[in-house]
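Visitor: sequence first, then the predicted structure:
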Amino acid sequence: MSEPEASKDWVNPLRDSRDKRLPRIAGPCALVIFGVTGDLARRKLMPAIYDLANRGLLPPGFALVGFARRDWRDQDFGTIVHDAVREHSRTPFREDVWDRLAEGIRFVQGSFDDADAFAKLASTLETLDKERGTSGNHGFYLAIPPNAFPLVLKQLSDAGLAQSEDGQWRRVVIEKPFGHDLSSARELNAVVNEVFPEDTVFRIDHYLGKETVQNILALRFANQLFDPIWNAHYVDHVQITMAEDIGLGGRAGYYDGIGAARDVIQNHLLQLLAFTAMEEPISFEPSELQAEKIKVLSATRLAEPLDETTARGQYAGGWQGGEQVCGLLDEDGFASDSTTETFAAITLEVDTRRWAGVPFYLRTGKRLGRRVTEIAVVFKRAPHLPFDQTMTEELGQNALVIRVQPDEGVTMRFGSKVPGSSMEVRDVNMDFSYGQAFTESSPEAYERLILDMLLGEPSLFPVNAEVELSWEILDPVIERWAASGKPEPYEAGTWGPPSADAMMTRTGREWRRP
Ligand code: BG6
């Protein structure tokens, strides 16, 4: 029987003996950014590109092309990039690195509905291909509002920019939100896939670019210590928290009507859940990793009844870090009767043999007590304690806490004897901290993700099916909240509304106060 065509290039990931530690440098290419006047481009994308150049991971002829309505020349755009790099890059500024990067910076002026501007973009790229050897390899980064996606995609297609010739590549990078519910996500995916085939679409979930998130896989699958207890026999529940102390001043245009669940639970927190709960992939090849994530997300659903298993809130005025801050309804641009939630908590169940009966609690909020993202795997109590009850009053449940940020690391909490003449037991922590264990600092999430995209390495980018499954999980609670009036207010600087505590105490548990 003859081999199917596609299998000729297939390398068995288990037998691939290349040394994966060697630095991976992107091949010749140009990156076009739409939305260069936005915050994301200035704070994250431009600095990340410089950091990659500084680490020697971009090809010598790399070109960066900005596309926007502003009346700029190449030099004006160069100054914008320069200032963004100076202000926000992770690695030190070096004139020689900057000069080399600046040689490849171009700007194309135009609006998204201007076909001539896209024709100009095409000729700019063609010139770059000749002058800088970018070889027809072009990435298009859509850091723009989602309602502009269809138009920009169509213009790229009409200008012949989405199609590549043999040996070249064309890729598109899409920033969230990927729709606002399942049906809009499906529509968006259909529009995207009409122009770019799925294997050329890179959806950014910047949490997957974080070292600490990738480390969940190392922790779980490189060690013998944790796997035997990583299941319903030993785990009581899992808490995934993404707390922020910032408010939403200046973000009304994006956030009002979107809310915390769509903003971060649908993407970042469900991805954290997938990494925590999935089975071991046979390798870290993209398709293997994605298959396991898809499997576990397919088995995940909201615990019912929603009135008891979820909570939502909206921050009111209060004190934070010694400063008096206003409530959401007084922030610029928010409707005075906005029902947008700034705090959301949900309970999920994962219907697999490994996790049957183990609740996964996810919560996120703005203007909370402090900025912290963590995954806490909380274990069952020991079945029997041969101590006098008074000796274990300060003994809680064992926990393994993956500290995603800040203070990146892992904490193990367990009981220990208090020094002295009695057998008193109290919780103590054992810590691993990135800062102490490693000398090298972690790359920014966007450095990793932009490099991976330029290399055509899709492991850390959620595929269409993951996005749709995540909406499928979340849609029922979003619909319920939309029909049930205003979210409950909570004071800025606290840990959310009383209903969030109630949803835990109802099950005899409590939220961690990180
Ligand atoms: C973004 C959300 O995806 O993540 C923001 O839209 C949030 O609302 C941000 O503030 C948090 O990112 P990080 O990396 O600072 O945790």
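Guide: Yep, it's here.
Visitor: show me what contacts Gly165?
Guide: In this structure residue 165 is Glu, not Gly. Each residue near Glu165 by C-beta atoms under 8 Å, 6 or more residues apart in numbering is listed here: Gly136. (C-beta placed from N, C-alpha, C; glycine too.)
Visitor: you'd agree it is in a helix?
Guide: No - read with DSSP: H, G, I helix; E, B strand; the rest coil, Glu165 is coil and lies in no helix.
Visitor: tell me the phi and psi of it?
Guide: phi -90, psi 170 (degrees, to the nearest 10).
Visitor: tell me the spacing between it and the ligand.
Guide: Per C-beta to the nearest ligand atom, to the nearest Å, Glu165 is found 36 Å from the ligand.
Visitor: please apply the same query to Ala48.
Guide: 13 Å.
Visitor: that residue contacts Tyr446, correct?
Guide: Yes - if you go by C-beta atoms under 8 Å, Ala48 and Tyr446 touch, sitting 3.8 Å apart.
Visitor: skipping adjacent residues, who's closest to whichever residue of the chain sits closest to the ligand in space?
Guide: Nearest residue of the chain to the ligand: Asp263, at 4.8 Å (C-beta to the nearest ligand atom). Closest residue in space to Asp263, ignoring its immediate chain neighbours: Tyr255 at 6.7 Å, by C-beta to C-beta, 6 or more residues apart in numbering.
Visitor: show me what contacts Lys44?
Guide: Counted by C-beta under 8 Å, 6+ apart, Lys44 has contacts His88, His206, Glu444, Tyr446.
Visitor: helix/strand/coil for it?
Guide: With three-state DSSP as the criterion, Lys44 reads helix.
Visitor: where's the nearest residue to Leu368 once chain neighbours are set aside relative to Ala316, distance?
Guide: Computed as C-beta to C-beta, 6+ apart, the closest residue to Leu368 that is not its neighbour in sequence is Ala243, at 4.2 Å. From Ala243 over to Ala316 the distance is 17 Å, taken as C-beta to C-beta, to the nearest Å.
Visitor: the stretch 151-300 of the chain against the ligand: which residues are in contact?
Guide: Counting by C-beta under 6 Å from any ligand atom, the residues of the stretch 151-300 of the chain close to the ligand are Glu244, Asp263, Val264.
Visitor: show me which residues of this protein sit near the ligand.
Guide: Glu244, Asp263, Val264, Thr373.
Visitor: with neighbour count added, can I get the residues you listed in JSON lines?
Guide: Listed next are the residues of the chain next to the ligand as JSON lines, based on neighbours: other C-beta atoms under 10 Å:
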{"residue": "Glu244", "neighbour count": "18"}
{"residue": "Asp263", "neighbour count": "22"}
{"residue": "Val264", "neighbour count": "22"}
{"residue": "Thr373", "neighbour count": "25"}
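Visitor: tell me who's in contact with Leu125.
Guide: Counting by C-beta under 8 Å, 6+ apart, Leu125 has contacts Ala30, Val32, Val65, Thr134, His138, Leu161.
Visitor: let me have the residues you listed in a markdown table, extended by distance to Asp76.
Guide: Listed next are the contacts of Leu125 as a markdown table, based on distance: C-beta to C-beta, whole Å:
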| residue | distance to Asp76 |
| --- | --- |
| Ala30 | 19 |
| Val32 | 17 |
| Val65 | 14 |
| Thr134 | 22 |
| His138 | 22 |
| Leu161 | 23 |
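Visitor: where in the stretch 401-514 of the chain is pLDDT low?
Guide: Scanning the stretch 401-514 of the chain for pLDDT under 70 picks out no residues.
Visitor: same question, the chain
Guide: If you take pLDDT under 70 as the line, the chain has these spans: 1-21.
Visitor: contact partners for the spatially most central residue of the chain?
Guide: In the chain, the C-alpha nearest the mean C-alpha coordinate belongs to Tyr207, at 2.6 Å (C-alpha atoms, centre = their mean). The neighbourhood of Tyr207, defined by C-beta under 8 Å, 6+ apart, consists of Val213, Asn267, His268, Gln271, Leu272, Val404, Ala445.
Visitor: got a list of what the last one touches?
Guide: When you say that, I think you mean Ala445. His206, Tyr207, Leu208, Gly209, Lys210 are the contacts of Ala445 under C-beta under 8 Å, 6+ apart.
Visitor: same check, this time on the fourth one
Guide: With contact taken as C-beta under 8 Å, 6+ apart, Gln271 is in contact with Asp205, Tyr207, Leu208, Val213, Lys293, Pro462, Glu466.
Visitor: and the host helix or strand of it, how far from the chain's centre?
Guide: Using DSSP states H and E, Gln271 falls within helix 270-277. Taking C-alpha atoms, centre = their mean, to the nearest Å, one finds the center of helix 270-277 at 11 Å from the center of the full chain.
Visitor: convert the C-alpha atoms of that helix to PDB, please.
Guide: Taking C-alpha atoms only, helix 270-277 is exported to PDB below (Å, rounded to 0.1, in the frame of the first residue of the first chain):
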ATOM      1  CA  LEU A 270      -9.600  27.900  30.700                       C
ATOM      2  CA  GLN A 271      -6.100  27.400  29.100                       C
ATOM      3  CA  LEU A 272      -4.600  27.200  32.600                       C
ATOM      4  CA  LEU A 273      -7.300  24.700  33.500                       C
ATOM      5  CA  ALA A 274      -6.500  22.700  30.400                       C
ATOM      6  CA  PHE A 275      -2.800  22.500  31.200                       C
ATOM      7  CA  THR A 276      -3.600  21.500  34.800                       C
ATOM      8  CA  ALA A 277      -6.100  18.900  34.000                       C
END
